[in-house]
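Trainee: Predicted coordinates and the sequence they were generated for:
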Amino acid sequence: MARLKIYWTETAIKQRNYIFNYWINRNGNRIYVSKLNSKIKDRIALLPVQPEIGRNTDIYNNIFLVLGHYSIFYQFKQSEIIISGFWDNRQDPSKLIEFLNQK
């Protein structure tokens, strides 16, 4: 199998950046955000090797990986992995359902 390419949707990037900005403003520095970003990269690096590592959802063929308080939603297609969402699990779950139903 050829190495799968990973793409982030605009929505997933906005969600990730919103969370990053929240922590930068809350903590007054980028230390936590830098650590979180590193963990995100490490977790996503597993996907091309093990694309089915996550748990299936019933919504639009999304699969998710848990990363501490966060979930990384993605779709696995033959030649690519599309990161469709980055979610803080401490948020109201109804917001997540609303987000996933927008697809």
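Mentor: Alright, I've got the coordinates. Numbers count the residues shown, from 1 in each chain.
Trainee: Okay, now the sheet partners of the strand ranked longest in the chain, with direction.
Mentor: Ranked by residue count and defined by DSSP state E, the top strand of the chain is strand 80-88. Strand pairing for strand 80-88, using DSSP bridges, gives strand 5-8 (parallel), strand 70-76 (antiparallel).
Trainee: after the shortest one comes which helix or strand?
Mentor: Moving toward the C-terminus from strand 5-8, the first helix or strand encountered (DSSP states H and E) is helix 10-27.
Trainee: chain center to that following helix, what's the gap?
Mentor: Here helix 10-27 is found 12 Å from its chain centre; the criterion is Cα atoms, centre = their mean, to the nearest Å.
Trainee: Packing partners of it?
Mentor: Judged by 3 or more Cβ pairs under 8 Å, 6 or more residues apart in numbering; DSSP states H and E, the packing partners of helix 10-27 are helix 31-45, strand 80-88. To be clear about C-beta, it is placed using only N, CA and C from the backbone, and glycine gets the same treatment.
Trainee: Can you tell me which of these is most buried?
Mentor: Stretch with highest mean neighbour count among the helices and strands packed on helix 10-27: strand 80-88 (a mean of 20; mean count of other Cβ atoms under 10 Å).
Trainee: Residues touching that one, excluding its own?
Mentor: Outside strand 80-88, the residues within contact range by Cβ atoms under 8 Å, 6 or more residues apart in numbering are 4-9, 11-12, 15-16, 19, 40, 44, 47-48, 51, 62, 69-75, 96, 99-100, 103.
Trainee: Thanks a lot, see you next time.
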